[in-house]
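Need coordinates for the below:
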Amino acid sequence: MFILVAILLVAMFFMSSRTRKQQRAAAEFRNNLTVGTKVMTASGMIGTVVDVDESADQVTIESVPGSQTTWLRAAISKKVEEPVADDEDTDITADESDVTAKSETGSTISPDATDVPDDLSSLDTAQREYRDQQRRDADADGK
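All right, here's what the predicted structure looks like:
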């Protein structure tokens, strides 16, 4: 019993220390906000910081040009990173154009591909037809 309680206390300590670290990191991020940083609020609004009022603990965010809103610093949840265009995206486009140039339809399916049904309803029918054909073949061989 004592061992179980000790394990529980240790687990609670580690969980709370991890939470404290996350809270410290978030507070440090909010305290170091600078003009021009793209951020997201806790409610999901994304915008660029245009003013930081240290005395009132407020941040002014511009979501679209000319539309500025003032938020408490605590409402800022995270920094938003702009997606970077990968060179791989352009390679994919080039590959698709090669496929289209090689065939009129742009399909990558070979003409001798097996037709697979979209649903399972036709599988019962196909199995039944296969068994019937086997019986007919067996009857023809036996006569």
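
Report all helices and strands that the host helix or strand of residue 125 contacts.
Element membership of residue 125 [criterion: DSSP states H and E] is helix 121-142. Helices and strands touching helix 121-142, as assessed by 3 or more Cβ pairs under 8 Å, 6 or more residues apart in numbering; DSSP states H and E, are absent. Backbone N, C-alpha and C define where each C-beta goes, glycine included.

Disregarding residues adjacent in the polypeptide, which is nearest to residue 58?
With Cβ to Cβ, 6 or more residues apart in numbering as the criterion, residue 58 has its nearest non-adjacent residue at 5.3 Å, and that residue is residue 70.

now the spatially most central residue of the chain, what's its secondary structure?
What sits nearest the mean C-alpha location of the chain, by Cα atoms, centre = their mean, is residue 83, with 13.3 Å. Put simply, residue 83 is coil when judged by DSSP: H, G, I helix; E, B strand; the rest coil.

what's the answer for residue 33, then?
coil.

Repeat that for the one 3 residues further on.
Three states are possible here, and by three-state DSSP the one that applies to residue 36 is coil.
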